[in-house]
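K.L.:
Below are the sequence and a predicted model; questions follow.
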Amino acid sequence: MTSIDLHIPISEEQIRSLHVGDQVRLYGVVITARDAAHKYIEDTFMHASAIPDSEQAVHEELKRLWAGGVMYHCGPVVSRDAAGRWRFVSAGPTTSIREEPYEADVIHHFGLRAVIGKGGMGPKTLAACREYGAVYLHAVGGAATLIADSVQEVLTVFKKDELGVPEAFWVVRVDGFPAVVTMDAHGQSLHEKVFEASKQRLAELV
Amino acid sequence: MENLVPHFIELIRRSSTDLPADMETALRRAREQEDPTSAAQSTLDVILENVRLSRERSTPICQDTGTPIFYIYYPAGWSTLALKQQIRTAVAEATARSYLRPNSVDTLTGKNPGNNLGDDFPSFHFEEWEEDYLKVDLMLKGGGCENVGAQYSLPDTRLGANRDLEGVRRAVLDAVQQAQGMGCAPAVIGVAVGGDRGASYIKSKEQFYRPLDDTNPDPKLAALEGRLTREANTLGIGPMGFGGKTTVLSVKIDSLERLPASYFVTASYMCWADRRRTLIYRNGQVTIE
Ligand code: SF4
């Protein structure tokens, strides 16, 4: 098994050297964001004429951590120990396509280098990956225990009370999180390739 | 009736955390067949490692613990009401112990009661039988793979599928191609031919209780199961849809009576996390397989 180690923050050069089908392991700080988080980003940071004072701090932190950073489409199951420390109990990927309307803008705004999820994303995100130098990483669906195991530490959480536990921005440090590049910065999508090839093969079979 | 609740909790725990041996063997065999440097092989490695860790730590194999579907075979004289009550108690307790995720949501209000209990949740099928012991089959059916199941009404002109086994073959291959990796391939495909729409879906899912390496008693269906497994694996979809030789681990087919007007082919999709276990209660002794 040959996998490429990606240390976060990731350089544009390293991201552009990746191709669909490459297996990677991630090391460093990753932040979760799913449906409500995307809507929050869109409403608060993108469309507002000015970011409200109350949200400035979160915005600054996200900008700092996501520059060259990684977003994970995940609604984790978490627990809290007696000392008040959070822990990821289960942390498999959630379906990414629901964020398709937002993701291109989000990648551009924060300078994201990778988005992790499952099921792949659409043409707008693929174009953004090419333009800004980013990739889509597919985690192994269902591998909840193993992925939670690679989450070494929960560093902090943003907007937990407003968005709820599964929808909050969880800032975690991962160590060897496994994924596969399925959309690269060269305009290639493994999802499209596999779909087209299997469609042709099906036509031969029937 | 004796209190079997602790045994039902254990049945749920085993189902959720301990993948059956036939599935694990099939995944291991698939791993050997994939190219050593491929994403397909490394994905199967991740899956197998996840299976091992979950068993060791007694944590759910997948965070989506699915719809618990119970098939209960009982000797004459048992109370199905009492059995149902005990199993529902066990489901709530297994949820509290995190063997199951709170997964049942009221469709109209979106409310989650948090204990996996609703009017129609979990799912029960009762059958009195002539044996002198109780058997409870449990399957945890994930949502992602449920979403990619498909039903065809033959003839289907798009597929050139007529009302015969060749038509069934075409429909099933189409369903596998449409699903891609979205149901967390590699899969077991359960197929039912005939019935009305509802009965056909139920029959297709009952196929998942069959041991993976059994042989269909109907030689024609046995041949079709083998052929479909081989052909589906030439589609190149692979584990999680990353490409590769393993798209399905097995195809299981059964038929049921139909009306002259209808000819349904239903393909249900079971992800690699094919979680199912059986409890037997005989002479006061419980075993879980
Ligand atoms: S399809 Fe199966 S493995 Fe995938 S997320 Fe759903 S239950 Fe888990």
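P.N.:
That came in fine, so what should we check first?

K.L.:
Please count neighbours and contacts with C-alpha atoms only from this point.
P.N.:
Will do.

K.L.:
Flag the shaky bits of chain A, pLDDT-wise.
P.N.:
The model of chain A has pLDDT under 70 over residues A:1.

K.L.:
Can you pull the residues of chain A lying near the ligand?
P.N.:
By Cα under 6 Å from any ligand atom, the part of chain A that sits against the ligand consists of A:G141, A:G142.

K.L.:
hang on, I meant chain B
P.N.:
Counting by Cα under 6 Å from any ligand atom, chain B sits next to the ligand at B:C62, B:D64, B:G66, B:G142, B:G143, B:G144, B:C145, B:G183, B:C184, B:C271, B:W272, B:A273.

K.L.:
which residues of chain A fall in helices?
P.N.:
A:12-16, A:35-41, A:53-66, A:100-110, A:123-132, A:144-150, A:160-163, A:190-205 (DSSP state H).

K.L.:
who wins for most neighbours among the residues of chain B next to the ligand?
P.N.:
Counting neighbours by other Cα atoms under 10 Å in any protein chain shown, B:A273 leads these with 31 neighbours.

K.L.:
contacting residues around that residue?
P.N.:
Neighbour list for B:A273: A:G142, B:L19, B:I61, B:C62 [criterion: Cα atoms under 8 Å, 6 or more residues apart in numbering or on different chains].

K.L.:
Same check on B:L117?
P.N.:
By Cα under 8 Å, 6+ apart, the contact set of B:L117 is B:R88, B:V91, B:A92, B:S104.

K.L.:
related to what we said a few turns ago, dump the helices of chain A to TSV, plus mean neighbour count and distance to B:A161.
P.N.:
Below are these laid out as TSV (neighbours: other Cα atoms under 10 Å in any protein chain shown; distance: least, Cα to Cα, whole Å):
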stretch	mean neighbour count	distance to B:A161
helix A:12-16	15	45
helix A:35-41	18	40
helix A:53-66	14	51
helix A:100-110	19	35
helix A:123-132	19	33
helix A:144-150	24	39
helix A:160-163	12	49
helix A:190-205	16	12
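
K.L.:
could the ones you listed go into a markdown table alongside distance to B:W129?
P.N.:
Putting the helices of chain A into a markdown table (distance: least, Cα to Cα, whole Å) gives the following:
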| stretch | distance to B:W129 |
| --- | --- |
| helix A:12-16 | 61 |
| helix A:35-41 | 48 |
| helix A:53-66 | 61 |
| helix A:100-110 | 52 |
| helix A:123-132 | 55 |
| helix A:144-150 | 38 |
| helix A:160-163 | 51 |
| helix A:190-205 | 42 |
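
K.L.:
Out of those, the one nearest B:L83 is which?
P.N.:
Comparing these against B:L83 with Cα to Cα, the closest turns out to be helix A:144-150 (31.7 Å).

K.L.:
For that closest one, name the packing helices and strands.
P.N.:
strand A:86-90, strand A:169-183, helix B:39-57 (3 or more Cα pairs under 8 Å, 6 or more residues apart in numbering or on different chains; DSSP states H and E).

K.L.:
okay, the ones you listed, which one's buried deepest?
P.N.:
Of the helices and strands packed on helix A:144-150, the one with the most neighbours on average (mean count of other Cα atoms under 10 Å in any protein chain shown) is strand A:169-183, at a mean of 24.

K.L.:
and the angle for it with helix A:53-66?
P.N.:
Between strand A:169-183 and helix A:53-66, the angle comes out at 40 degrees (axes from the mean of the first three to the mean of the last three Cα atoms, to 10 degrees).
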